[in-house]
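A.B. asks: Dropping a prediction and its sequence here:
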Amino acid sequence: MSSELALLLLAPVIGSFLGVLILRLPAGRPIALARSSCDHCQTPLAARDLVPLVSYLVQRGRCRYCRGIIDPMLPGVEFAAITVVLAAMVLRPDPTALWIDCLLGWTLLALGWIDWQTMRLPDVLTLSLLLAGLCVTWLQQPSAVPWHAGAAIVAYLAFQGLALGYRRLRGREGLGAGDAKLLAAAGAWLGLAPLPWVVLLAACAGLLAALGWALAGRRIGAATALPFGPWLALAFWLLWLIHAIPGGPGGGVA
C-alpha cells in the first residue's frame, strides 16, 4: 500500500482522535483512557457509533440513543484531517516526507482549532511540537540543529517582547504566551529566515478573517479578542510545505 493511500485511509481516524483531543484537553479531561459517550445522555458509544464521518452521516448528525445533536465540530475535524493529507500531496508530492508533513499538519490543526474555541494554545502541544522540530532537523540535517534551536529562542523572545510592549502601551493583553511558543516551534522546524514570512502571512490571514466577521455582522473593535493561533498554525504549515528542507547557518530553509 502506498503512503498516500495509507494516509488517506488513516486521516479520518486521526481526525476522530483530534476531535476528542480538542474537546477534552482544554477541559483537563482524560483523553486516551476514557470511553466515548454521548454528551447529552452520557450513554457509552458502540463501535458503530464511532466510524469517522460515516456514523455522523448515517445518524444524520444525531445520537442514536437520545437523538441529541452531535457537535458538528467532530466530523469537521475528521474532514479537515483528510484535507491536510490532500494539501500535503499537492503542495509537496514527496512520499518519503509525507508522513512528517501530515503529522505536523494534524498537530497544527488541533492547536489552531483549540485556540479558535478557547483562546488557548496548550503547552503540551506547542512544546512537543518544538522538540519534534529539532528532532526532524537532526534527522534531515544535523548541522542545522543549533541554528534552528537559536531560531526558536529568537522567535519566542521577539514575540514575548512584542506582547510586553503592547501590554505596556495599551494596558491589556495582545499576544499570548502560547503564540510565542507556537512561533518558537516554527523556528525549530523552519529556521530563522522564514519566520517573518510566517508572521506576515498569519497577520494577513487574521485581518481577512476579521474583515469577514465584520462583513457578517460581528462587531469588531480595538479591544475585541481574536485568536491568532489558527492563522499562525496555517502559515507555519504552508511555509513548511513550500520550504521543506531545513537550512544551514544562514537560517531558514532551502
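C.D. replies: Perfect, I can see it now.
A.B. asks: now what about stretch 232-247, what contacts it?
C.D. replies: By Cβ atoms under 8 Å, 6 or more residues apart in numbering, the list of residues contacting stretch 232-247 from outside reads 87-88, 91-92, 94, 97, 101, 104-105, 108-109, 111-112, 115, 136-137, 140-141, 144, 147-148, 179, 182-183, 185-186, 189-191, 193-194, 197-199, 201-202, 205, 252-254. To be clear about C-beta, it is placed using only N, CA and C from the backbone, and glycine gets the same treatment.
A.B. asks: For the helix or strand bottoming out on mean pLDDT in the chain, which helices and strands make contact with it?
C.D. replies: Here the helix or strand of the chain ranked lowest by mean pLDDT, DSSP states H and E is helix 145-170, holding a mean of 85. Applying 3 or more Cβ pairs under 8 Å, 6 or more residues apart in numbering; DSSP states H and E, one finds that helix 145-170 contacts helix 123-140, helix 177-190, helix 195-215.
A.B. asks: So which of the ones you listed is nearest Gly15?
C.D. replies: Nearest to Gly15 among these is helix 123-140 (15.9 Å), distances taken as Cβ to Cβ.
A.B. asks: Give me the buried positions along that closest one.
C.D. replies: Neighbour-count burial for helix 123-140, counted by 16 or more other Cβ atoms under 10 Å, picks out Leu125, Thr126, Leu129, Leu130, Ala132, Gly133, Leu134, Val136, Thr137.
A.B. asks: so what's the second one scoring on pLDDT?
C.D. replies: I take that to be Thr126. Predicted confidence (pLDDT) for Thr126: 96.
A.B. asks: Same question for the third one.
C.D. replies: As summarised for this prediction, Leu129 has a pLDDT of 97.
A.B. asks: Can you give me every residue that contacts it?
C.D. replies: Contacts of Leu129 by Cβ under 8 Å, 6+ apart are Leu104, Thr107, Leu108, Leu111, Leu182, Ala185, Ala188, Trp189.
A.B. asks: In terms of mean pLDDT, which of the helices and strands packed on helix 145-170 ranks lowest?
C.D. replies: Among these, helix 195-215 has the lowest mean pLDDT, at a mean of 89.
A.B. asks: quick revisit: how about the contacts of Leu129, which pair is most distant?
C.D. replies: Pairwise distances across the contacts of Leu129 (Cβ to Cβ) peak at 14.3 Å, for the pair Leu111 and Ala188.
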